[in-house]
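[1] Sequence and computational prediction follow.
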Amino acid sequence: MASICCFAPLWTLTHRRGLSKRFLAFAVIVALPLASACTGQVPGNGSNDPGEEPVDVPPGPQLPPPAPGPSFSCAEDAVPSSVPLRRLSRRQQENTIRDLVTGALNSAAEGDKVLAAVSPYLKSLPDDNMPSLGHGAEGPSFRRIDQLVLDAHIQSGYDLALHTGRALSEGSRLGMVLGACATDSKPDNDQTCLRTFIRDFGSRALRTALSDEEVTFYLKFARDPGGPVSAANVANVITGLLLAPRFLYHLESGGSAVSGSDKQVNLSPHELAARLSYQFWDTLPDSTLWQTAMDGSLLKPEVYAEQLERLISDSRTKSTMQQFYREWLDLDDVPKLDLNADKKGFRAFAGNNLPSAGLNEAMGNELVDMADHYTWNEPSSVHQLLFTNASFSRSAELSKIYGAPVWDGKSAPPTFAEGERPGLLTRGARLVNSSGATRPIMRGVFVRRAILCDELPAPPPGVLDNLPKLDPALSGRQVVEVITEKNAGCAGCHQSLLNPIGFMLEGYDGLGRKRDKEIVYDDDGKVLATHTIDDAARPQISDDDDSMARGASELVEHIEKSGKMPGCMARHYFRFAMARREDDERDGCMLERLRRSFAGEGLQAGLRSAATDPAFWRRSF
């Protein structure tokens, strides 16, 4: 009973005292961290899998060849931080429900009907939070790290479980889900039928092998546990399984001990399969991966390597990486550029490039396509993202802004003239502003945090109070200099860290157009002034580099020279993969492997590097 001693009282309270099943959902989601602490185990924890032999994980791969740039210190005996208890993200929960439903029915068409029926409850799941890039020292985050549990999670999670159970068990679907034993006229096989269903569907939903004791436990969720197979009984069992801790959370109790360590255990094969599938696919293991977990062969290095390559080559990994790139580059917050399309000043500025409602989305998609291309089609190091002169715009409107042909997504992408638009920093998504004015400060903030991983102090309180009255004919650069560099409280950061980088990108306007002059308009569209672009500054990407530089091309050369981008990308991907912030000392080995992979073999190599690191196979306590 050890594996269910913490969970059983919750079920008992609900059923014996007549409390609502919503209370059960609340108790499971909120009380789980305390409940799992009483034994270190939860229902279906995978730690007592029948026939599992203690297998020590093979040593991690050798570090890739050294790469220039600031490195992480790698102490192979360092124990990584313990992984916090993590709930499924919204994206993961949606994908898991979809794959469970489709797999249980073994029919995509029938699965679509069920998913349509539960769609309102899927949509009601709260969005995960990803702090926008901006001021402050926290740095970029990812949706996977958001672990808030709100009342909306509890209510929507319960509703989703309840209606999924009902939809899967109604009408002819009962026989599709359970098999012929659910619809024949033989009552003597009903209990075996229900138990087999719980063992099969339950092991997929909870992502572990279920013991006889656990099957009996989940059978009690049936309205009539000892009765016949019925839609009501099966619906209740499914609801119980979809409210179980093992479904809602990534629970890892571990399998065999790690040799020479009392603070780490190797993951069980089921936990390792789940970690792999949720890392690369954001959903539960498919039948092929699951079979290697059930027979334990996933712990064999050659089987693991084979499955890893299969997962990486699957289109679902491409989709997951697109989400990573979208969050890293903050593409969901590209400004809506048509907000001021009815204003005279903006219309005069935009001219024949007056933006449509979909231009911001096209700009975001361009950068995702760029990263996709250099991950899969032309595997390259992260430096290619800084220097590429290829255009990945599939939008006629965006291509018109660039003065480049539209890319068809299949052939080789068209290219800009050398130095005209180097890399991602000069593309619309990272340049635009809905007012049309450039934002040198925020351009600098993005580079410092997303490309260099420099920590920035929060602005002093009251920084926007008592702003000076500005001449409306000033250039964008002059406005920033007056506001930030003549203010002692602001100058320390802005004069050295933020403004210079933004000034070097002033050769592109607030619609992302290349320019050598800035025309300033008033609200009525009248020209107030014309300024020659000044894009010279000291970017100070490295502490020891105080040299003068000019324009975007020289900016990316300074970034490349510093060697900081691969290490920064290592931090970002670590946070995404491990769903937590890094500890430079305790996670140094994985970070250094990632850094060298991103700097050398490329973006795709970084995916393998993370999944073959010993820390990926293990759980720290």
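    Perfect, I can see it now.

[2] Per-residue pLDDT of residue 141, please?
    pLDDT for residue 141: 81.

[3] Tell me, how many residues neighbour it?
    18 (other Cβ atoms under 10 Å). C-beta coordinates here come from the backbone N, C-alpha and C atoms, glycine included.

[4] Verify the stated contact: it with residue 572.
    No - counting by Cβ atoms under 8 Å, residue 141 stays clear of residue 572, with 9.6 Å between them.

[5] Which residue would you name as the spatial centre of this protein?
    residue 324 (4.7 Å; Cα atoms, centre = their mean).

[6] mind listing what's buried in the helix or strand hosting that one?
    Residue 324 belongs to helix 315-328 when assigned by DSSP states H and E. Neighbour-count burial for helix 315-328 flags 317, 320-328 (criterion: 16 or more other Cβ atoms under 10 Å).

[7] What is the helix or strand just after that helix packed up against?
    Next along the chain after helix 315-328, taking DSSP H and E as the criterion, comes helix 344-350. Packing partners of helix 344-350 (3 or more Cβ pairs under 8 Å, 6 or more residues apart in numbering; DSSP states H and E): strand 517-521.

[8] what about residue 561, distance to residue 386?
    Here the criterion is Cβ to Cβ, to the nearest Å. By it, residue 561 lies 11 Å from residue 386.

[9] Of the two, which one has the most company?
    Applying other Cβ under 10 Å to residue 561 and residue 386 shows that residue 386 carries more neighbours, namely 19 against 13.

[10] which parts of stretch 195-211 are buried?
    Using 16+ other Cβ under 10 Å as the test for burial, stretch 195-211 gives 195, 197-211.

[11] which among those residues gets closest to residue 86?
    Ranked by distance to residue 86 (Cβ to Cβ), the buried residues of stretch 195-211 are led by residue 207 at 13.2 Å.

[12] Which secondary structure element is home to the residue lying closest to that closest one once chain neighbours are set aside?
    Nearest residue to residue 207, sequence neighbours excluded (Cβ to Cβ, 6 or more residues apart in numbering): residue 274, at 4.4 Å. Assessed by DSSP H and E, residue 274 sits inside helix 269-280.

[13] elements contacting that helix?
    strand 249-250, helix 287-294, helix 301-313, helix 315-328, helix 603-611.

[14] Which residues are in contact with residue 474?
    Applying Cβ atoms under 8 Å, 6 or more residues apart in numbering to residue 474 gives the contacts 482, 520, 529.

[15] Go ahead and build a ChimeraX selection from the buried members of those residues.
    Buried members of the contacts of residue 474 can be picked out in ChimeraX with the line below, counting by 16+ other Cβ under 10 Å:
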select :482,520
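
[16] In CSV, list the contacts of residue 474 along with pLDDT and distance to residue 90.
    Listed next are those as CSV, based on pLDDT from 0 to 100; distance: Cβ to Cβ, whole Å:
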residue, pLDDT, distance to residue 90
482, 92, 44
520, 97, 44
529, 98, 48
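
[17] thinking again about what came up before, may I have the helix holding residue 274 as CSV, with CA atoms only?
    Once non-C-alpha atoms are left out, helix 269-280 reads as follows in CSV (Å, rounded to 0.1, in the frame of the first residue of the first chain):
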residue,chain,number,x,y,z
PRO,A,269,12.6,3.2,-18.2
HIS,A,270,9.0,4.6,-18.1
GLU,A,271,10.1,7.9,-16.6
LEU,A,272,12.9,8.2,-19.2
ALA,A,273,10.5,7.5,-22.0
ALA,A,274,8.2,10.2,-20.7
ARG,A,275,11.0,12.7,-20.3
LEU,A,276,12.1,12.0,-23.9
SER,A,277,8.7,12.3,-25.4
TYR,A,278,7.7,15.5,-23.5
GLN,A,279,11.1,17.1,-24.2
PHE,A,280,10.8,16.6,-28.0
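
[18] Give me the angle between that helix and helix 301-313.
    Angle of helix 269-280 versus helix 301-313, following axes from the mean of the first three to the mean of the last three Cα atoms, to 10 degrees, is 30 degrees.

[19] what distance separates helix 269-280 from the centre of its chain?
    16 Å (Cα atoms, centre = their mean, to the nearest Å).

[20] Please renumber the chain so that the first residue is 783 from this point on.
    In the new numbering, first residue 783, that becomes helix 1051-1062.

[21] number of nearby residues for residue 1096?
    Burial of residue 1096, expressed as a neighbour count using other Cβ under 10 Å, amounts to 15.

[22] How about the contacts made by it?
    1062-1063.

[23] And it, how close does it get to residue 1389?
    Separation of residue 1096 from residue 1389 (Cβ to Cβ) stands at 12 Å.

[24] pLDDT-wise, which helix or strand of this structure ranks last?
    The weakest-scoring helix or strand in the chain, judged by mean pLDDT, DSSP states H and E, is helix 790-798 (a mean of 36).
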